[in-house]
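# Next input, structure requested:
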Amino acid sequence: MDDTHISLAHGNGGRFMRELIREIFQHHLGNPDLDINTDAVTLTIPGSEIMFTTDGFSVQPLEFPGGDIGSLAVHGTVNDLAVSGAEPLYLSLNAFIEEGFELALLDRLIHSLAEAAKESGARIVAGDTKVVPRGHGGGLYLATTGIGRRLSPLKLGMENIEPGDAILVSGSVGDHGTAVMLAREAFGLHGDIRSDATSVLPLTRCLLDVDGLRFMRDPTRGGLATVMHEISHATGFGVRLEQSSIPIKDPVQSVCDMLGYDPLFLACEGRVVAVVAETAAEQALEYWRQKADGKDAAIIGRVEDTHQHVVLVTELGGERILEELEDEPLPRIC
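Next up is the predicted model:
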């Protein structure tokens, strides 16, 4: 392509759009299942129960320490399938590009997306491209849809949760939200905090054999605390968390203390929250700690039927109720 930036002509369905799709999207994502000349693709999943998810991504900045919007789009969709007990197979990709967007940056982001898909074992099989006028978009938005195959007959869900169940998290929380916030440099702060954005497939696969696994969720927007509130609302039970057990990196806590954020409400993009029977908690924890991304895993709390709140037991031994998130602390975080 001779162009260096996106123009409205790249979205009009003509030659420029064909070149854009062929020389960037097909170049990086090309595989036998990706047919850019058809409106629908036939997929074969013999003898399997399939799972389906969809998501959109508007993170700003588009590149941040530990990831970018391309890899994040794959990881976010793959992780939604993974915590549901599925193996990702196929993805679709929709790209909304602002006029004037630099083609070299687009090429870099789609290359990153392609590498993330390859590592996750998923293939991009369909997509669509739209170009919006300059000033009417945030540079680049991506939307993805994922299809996966259920790996286990076990049906995970909040309806399985019982009082006394243990709550685990696979690693430190708040890393992604803090990394993106620092990358914006909106507060004049700088640091080497990296996003935790990655595929959680290794973490979810190893728990599927745990007798007593009830539920898994990736704590993205709204963070760990929001998942706890979702559990409480869905079950009618309460949650008690131990602050001293929740893994939070010192730099993340320091940034949050300075700016008035609570890391428990900040997005994670490579962590898993799991609820398991109390008798299976240590086994699940050991499985996670054997994985590279699970070395900081911890049992952080319990489900209780004596109240319907999300309660945090502080390091000083006091208790406080974690209120439900109402405002958006960090827009365009994923």
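# Show me the shaky parts of the stretch 101-250 of the chain.
Filtered on pLDDT under 70, the stretch 101-250 of the chain yields the residue ranges 186-187.
# How about stretch 247-255, which residues are buried there?
247, 248, 249, 252, 253, 255 (16 or more other C-beta atoms under 10 Å). C-beta here means a position set from N, CA and C on the backbone, and glycine is covered the same way.
# Over to stretch 6-25?
6, 10, 11, 16, 17, 20, 21, 24, 25.
# Please apply the same query to stretch 307-315.
309, 310, 311, 312, 313.
# Strands of the stretch 51-200 of the chain, residue ranges please.
In the stretch 51-200 of the chain, the strands defined using DSSP state E, counting those that start in this stretch lie at 63-64, 67-68, 86-98, 123-132, 140-150, 166-169.
# so can I have TSV of those strands showing mean neighbour count and distance to residue 291?
Shown next, in TSV, are these (neighbours: other C-beta atoms under 10 Å; distance: least, C-beta to C-beta, whole Å):
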stretch	mean neighbour count	distance to residue 291
strand 63-64	20	24
strand 67-68	22	19
strand 86-98	22	17
strand 123-132	19	24
strand 140-150	22	20
strand 166-169	24	13
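# Am I right that residue 206 is in contact with residue 291?
Yes. Residue 206 sits in contact with residue 291 when judged by C-beta atoms under 8 Å, with a separation of 6.6 Å.
# Give the bridge partners for the residue nearest to residue 302 when sequence neighbours are not counted, please.
Leaving out its chain neighbours, the residue that sits closest to residue 302 by C-beta to C-beta, 6 or more residues apart in numbering is residue 240, at 5.5 Å. Beta-bridge pairing for residue 240 (DSSP bridges): residue 302, residue 311.
# what's around residue 240, how many residues?
Residue 240 sits with 19 neighbouring residues when counted by other C-beta atoms under 10 Å.
# what residues are up against it?
Residues near residue 240 by C-beta atoms under 8 Å, 6 or more residues apart in numbering: 301, 302, 304, 311, 313.
# Pick out the most distant pair among the residues you listed.
Largest separation among the contacts of residue 240 by C-beta to C-beta: 304 and 313, giving 11.6 Å.
# The buried residues of stretch 247-255 in helices, which ones?
252, 253, 255 (DSSP state H).
# Just confirm the first one contacts residue 180, I think it does.
Yep, that's residue 252 we're talking about. No. Residue 252 is beyond contact range of residue 180, at 12.0 Å (criterion: C-beta under 8 Å).
# show me the contacts for residue 199.
Applying C-beta under 8 Å, 6+ apart to residue 199 gives the contacts 74, 75, 78, 79, 82, 116, 119, 120, 270.
# again but with residue 161, I slipped
With C-beta under 8 Å, 6+ apart, residue 161 has these contacts: 214, 215, 231, 234, 235, 237, 275, 303.
# Now list the buried members of the residues you listed.
214, 215, 231, 235, 237, 275, 303.
# Tell me which entries of the residues you listed lie within strands.
Of the buried ones among the contacts of residue 161, the ones assigned to strands by DSSP state E are 214, 215, 275, 303.
# I'd like these laid out as TSV, including distance to residue 155.
Output for those, formatted as TSV (distance: C-beta to C-beta, whole Å):
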residue	distance to residue 155
214	10
215	10
275	14
303	18
